[in-house]
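Enquirer: Here's my sequence, what's the structure:
(2 chains, ligands or ions: 2)
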Amino acid sequence: MGYYDGVFDALGLRDWCDADKVQGPMSMAELMARVRGGAVENNWWDIPFPSLDNLHASCQAIGRTREMTSAVEQGFLDIKDSLKFVLDPLTQPLSWLLDGSIFVFGQTPWWIIIPLMLLASFYVSRSVGITVFVALSFGFLGFIDHYGFAIQTLSIIFVCTVLCVLIGVPIGIAMSKSDTFQRMTIPVLDMLQTLPSFVYLIPLIFLFSVTESKLYGIAIILYAIVPVIRLTDLGIRLVDKDVIEAANAFGMTPGQKLFKVEIPLALPTIMAGVNQTIMMALAMVVIASLVSAPGLGELVLRGIRNLELGVGLVSGFCIVLLAVILDRVSKASLARIDGAQRH
Amino acid sequence: MATKTKIEIRQLYKIFGPNPKQALQLVLDGVSKPELLEKHDHVLGLQDINVSMGEGKISVIMGLSGSGKSTLIRHLNLLIEPTAGEVLVDGIDVTTYSIDDLRRLRQSRMSMVFQKFALLPHRSVLQNAGLALAVRGETRAMVEGEARKWLERVGLAGYEEHYPHQLSGGMQQRVGIARALASNAETMLMDEAFSALDPLIRTDMQNLLLELQADLHKTIVFITHDLDEAMKLADHLVILKDGYVVQQGDPQQILLYPNDPYIEDFVSDINRARVLRVRSVMTPTNGAGLSDTFGEVGVDDTLEDVIARSGGETSHNYAVVQDGAAVGKLDMKDLVRALVPRAASAPGARAADLN
Ligand SMILES: Nc1ncnc2c1ncn2[C@@H]1O[C@H](COP(=O)(O)OP(=O)(O)OP(=O)(O)O)[C@@H](O)[C@H]1O
Ligand SMILES: [Mg+2]
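Expert: Ligands and ions are numbered 1, 2, ... in the order given. From the prediction side, this is the model:
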């Protein structure tokens, strides 16, 4: 009774098609067709695309699209346990780190944290202007009672960025050393960068429970690690060939070359990658509030869910403030490194 | 005075491309460089190079851009691997070295100075000068002591804490030379070390090098595309063209008796009076007495010096003295003749009766 009946008949597949004919649940299209009167017109203008659903109408042995998606789901569920068995202990430290850092940052009184933060911003940026801006911003955040949320967001970003650097820089170095490894890695990085951020969350939700912090930790790291990997690779590949040749001519070992020449000279580029990684971690930590990441994102979500316009807008503004702080501080340190070795 | 051979290159071939061994066979069968590039897509970098470099001498390799000079010098410390042939340093073929031996060679026996200086931009002048020693793992006191000493020697005392980008090109190259000297290697490779400098600074650096060499007696391999520089520095001159040696030997002899139109072209523009020395145009007396000479000139005086002394008079003869003893006679007519480039059509003719 489908459009493609004739095709299967002609191919002599009718028996195979009807072998285990079961009356599965009907698809919407079938239901509509039945309601409209059923008869399939052989009108060339309305030739349906040979899709799974349309082929199923002619041949029961071919599954419908809905069966395909549930098969994917089933497949995922089947490997889930073994995947979880491996990934769970492997990623458990991430939960501890995130919970630990949120706890430590949250429990330490503000009159310790804020001065420390100011010291740190001055140390990396060496700029009074930026330090004053950070001080004013935190004063404002505290004044409107958003300090606690901001600290949670910052501590998540802190942990994730450190991990991104620890994992990403070695990967970037390996890519710069091996063209084969680079060719294999680039498609993965492209995929990580183009996947919509929500899509990261889907398999993770199945794999881990939503109450575990590593769920959003992994999502943030996967999303934010790409620039630091790419720019480490680029930075090392761009190191002046003459200088590398000099390093070789004076008999440096590969290790000496890497740590004394390549990494120091690639540092400005690597730092540009770290800056982008920080910004992407901030973007993701807001989205990750969907899977119970604490912090300012939680407030934004509340604004959306409860239509509390003010809460959403103010916390959105706080996120912008954090973004500006993180960007300015990391850019200033980048400029400082860059200036130190201009030639 | 026979000098010991420090570096000997034997039948060296280098072919760039995906399958050099196969291309080598073609070259040995007589395929030319342009044909190899066009039909077989391989670049013939060097072909059949045979050069001996004396210990304590400056060997200059000269050629136009693309003639393979850089490729050749990089074979000496194996920054480039040969397709075929041997590179003997102190009698041992470096192509047979293990990685560790090679590293030791580069760290302590053969240092290098680069055209674009190639200093580490993030390290101070002092740290740059001490690089070779630091790489070898010497103590900090030793590294800094040596670096300081050599920086002072090249005239950079007081700049230890500067960074390379704060120095002029000439000063940066002085750091490059201090870096090479501080490694205390017997051999120094210099790839167009002075080409990036302006003419005055370049002359300074050439003088510095000669001055250092008078004390240190390193084996220096110097690359240049500038004939004046080559004539000034070379004890032994090798002229490369399209990857093969056109002529090599005493620079004065090459200037007087070029054996190839390519070299004639090269030498036609040079100020011969300033470069040629009395010893190259005199008639040796082999101990016989001299009569009616007008005065004495030294063997290593340039012809320019002699012309200045003679006041332009061409009818005189001079006695040529070396270390106080007369070794030859200089006829001003020979001197004037030597100032005019000869055609290469009759190579060897004069060379034979001079040698
Ligand atoms: N890695 C390489 N791959 C292919 N061809 C090369 C490579 N290195 C050098 N060549 C070729 O070998 C030839 C010699 O190059 P080389 O750099 O030794 O010349 P050079 O005499 O040092 O010139 P310059 O004065 O410009 O430095 C050139 O034709 C060059 O194109
Ligand atoms: Mg060159």
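
Enquirer: Now the residue most central in space within chain B: closest residue in space that isn't a chain neighbour?
Expert: Most central in chain B under CA atoms, centre = their mean is residue B:60, positioned 1.8 Å from the mean C-alpha point. Closest residue to residue B:60 apart from its sequence neighbours, by CB to CB, 6 or more residues apart in numbering or on different chains: residue B:234 at 3.8 Å. Backbone N, C-alpha and C define where each C-beta goes, glycine included.

Enquirer: quick one on the thing from earlier: neighbouring strands of the helix or strand that the residue nearest to the centre of chain B is a member of in the sheet, and parallel or not?
Expert: Element membership of residue B:60, judged by DSSP states H and E, is strand B:58-62. For strand B:58-62, the paired strands and their directions (DSSP bridges) read strand B:219-224 (parallel), strand B:236-241 (parallel).

Enquirer: who's in contact with the last one?
Expert: Defining contact as CB atoms under 8 Å, 6 or more residues apart in numbering or on different chains, one finds that strand B:236-241 is touched by B:51, B:53-54, B:57-64, B:67-69, B:72, B:230-231, B:245-251, B:254, B:260, B:262-263, B:266.

Enquirer: Can you flag the buried ones in those residues?
Expert: The neighbour-count test (16 or more other CB atoms under 10 Å in any protein chain shown) marks B:51, B:53-54, B:57-63, B:67-69, B:72, B:230-231, B:245-248, B:251, B:254, B:262-263, B:266 as buried among the contacts of strand B:236-241.

Enquirer: in chain A, what residue is nearest ligand 1?
Expert: Of all residues in chain A, residue A:241 sits closest to ligand 1, at 11.0 Å by CB to the nearest ligand atom.

Enquirer: Which of the strands paired with strand B:58-62 sits closest to residue A:195?
Expert: Of all the strands paired with strand B:58-62, it is strand B:219-224 that lies closest to residue A:195, at 53.3 Å by CB to CB.

Enquirer: ok, is that closest one in contact with ligand 1 or not?
Expert: No. Taking CB under 6 Å from any ligand atom as the criterion, strand B:219-224 and ligand 1 are apart, separated by no less than 7.1 Å.

Enquirer: Can you show me the CA trace of that strand as PDB?
Expert: Output in PDB follows, covering the C-alpha atoms of strand B:219-224 (Å, rounded to 0.1, in the frame of the first residue of the first chain):
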ATOM      1  CA  THR B 219      89.500  26.300  11.500                       C
ATOM      2  CA  ILE B 220      87.000  28.600   9.900                       C
ATOM      3  CA  VAL B 221      84.600  27.800   7.100                       C
ATOM      4  CA  PHE B 222      83.200  31.100   5.800                       C
ATOM      5  CA  ILE B 223      80.500  31.500   3.300                       C
ATOM      6  CA  THR B 224      80.000  34.600   1.300                       C
END
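
Enquirer: What's the first helix or strand after that strand?
Expert: Heading C-terminal from strand B:219-224 (DSSP H and E), you reach helix B:227-233.

Enquirer: And for that following helix, what's in contact with it?
Expert: Contacts for helix B:227-233 (CB under 8 Å, 6+ apart): B:58, B:60, B:62, B:194, B:202, B:206, B:209-210, B:222, B:224, B:237, B:251-252, B:255, B:266-267, B:269-271, B:275.

Enquirer: Do me a favour and average the pLDDT over it.
Expert: Helix B:227-233 carries an average pLDDT of 92.

Enquirer: same thing with stretch A:61-74?
Expert: According to the model, stretch A:61-74 has a mean pLDDT of 88.

Enquirer: Name the residues of it that are buried.
Expert: So, applying 16+ other CB under 10 Å, buried residues of stretch A:61-74: A:62, A:64, A:67.

Enquirer: Number of residues surrounding the closest residue in space to residue B:307 that isn't next to it in sequence?
Expert: Among residues not flanking residue B:307 along the chain, residue B:273 sits closest, at 6.2 Å (CB to CB, 6+ apart). By the criterion of other CB atoms under 10 Å in any protein chain shown, residue B:273 has 17 neighbours.

Enquirer: Repeat that for residue B:142.
Expert: Quick note: residue B:142 (other CB under 10 Å) scores 13 neighbours.

Enquirer: ok, now the one 4 residues further on?
Expert: Neighbours of residue B:146 under the rule other CB under 10 Å: 20.

Enquirer: Apart from its chain neighbours, what residue comes closest to it?
Expert: residue B:182 (4.9 Å).

Enquirer: Just confirm the one you found contacts residue B:134, I think it does.
Expert: No. Residue B:182 lies out of contact with residue B:134 (CB atoms under 8 Å); the separation is 9.9 Å.

Enquirer: ok, the two, which is more surrounded?
Expert: Legend: neighbour count by other CB under 10 Å for residue B:182 and residue B:134, higher for residue B:182 (26 against 23).

Enquirer: and the helix or strand where residue A:269 lies, is it in reach of chain B?
Expert: If you go by DSSP H and E, residue A:269 is part of helix A:263-287. Yes. Helix A:263-287 is in contact with chain B by CB under 8 Å from any CB of the partner chain, via A:264-265.

Enquirer: now for that helix, which elements pack on it?
Expert: Judged by 3 or more CB pairs under 8 Å, 6 or more residues apart in numbering or on different chains; DSSP states H and E, the packing partners of helix A:263-287 are helix A:147-177, helix A:197-207, helix A:213-237, helix A:296-305, helix A:309-340.

Enquirer: Secondary structure of residue B:85: a helix, I assume?
Expert: No. Going by DSSP: H, G, I helix; E, B strand; the rest coil, the assignment for residue B:85 is strand, not a helix.

Enquirer: The helix or strand where residue B:27 lies close to ligand 1?
Expert: Assigned by DSSP H and E, residue B:27 belongs to helix B:20-28. No. Shown here: helix B:20-28 not in contact with ligand 1 (CB under 6 Å from any ligand atom), separated by at least 10.3 Å.

Enquirer: What residues sit buried inside that helix?
Expert: Buried residues in helix B:20-28 (16+ other CB under 10 Å): B:20, B:23-24, B:26-27.

Enquirer: Stretch A:101-118 now?
Expert: A:101-102, A:105, A:113-114, A:117.

Enquirer: what's the burial count for the nearest residue to residue A:295 once chain neighbours are set aside?
Expert: Sequence neighbours aside, residue A:153 is the residue nearest to residue A:295 in space, at 3.4 Å (criterion: CB to CB, 6+ apart). When neighbours are counted by other CB under 10 Å, residue A:153 registers 28.

Enquirer: wait, what's in contact with residue A:153?
Expert: Per CB under 8 Å, 6+ apart, neighbours of residue A:153: A:282, A:285, A:294-297, A:319, A:322.

Enquirer: Could you check how far residue A:190 is from residue A:8?
Expert: 40 Å (CB to CB, to the nearest Å).

Enquirer: Sorry, slip of the keys, the one I care about is residue A:155.
Expert: Counting by CB to CB - residue A:155 and residue A:8 are separated by 61 Å.

Enquirer: And for residue A:48?
Expert: 14 Å.

Enquirer: ok, now residue B:261?
Expert: 84 Å.

Enquirer: what do you get for residue B:315?
Expert: 117 Å.

Enquirer: Between those two, point out the one with more neighbours.
Expert: residue A:8 (20 against 9).

Enquirer: So which residues on chain B come close to chain A?
Expert: So far as CB under 8 Å from any CB goes, chain B lies against chain A at B:77, B:79, B:102-108, B:111-112, B:114, B:116-122, B:131-132, B:135-136, B:163-165, B:179, B:183, B:189.
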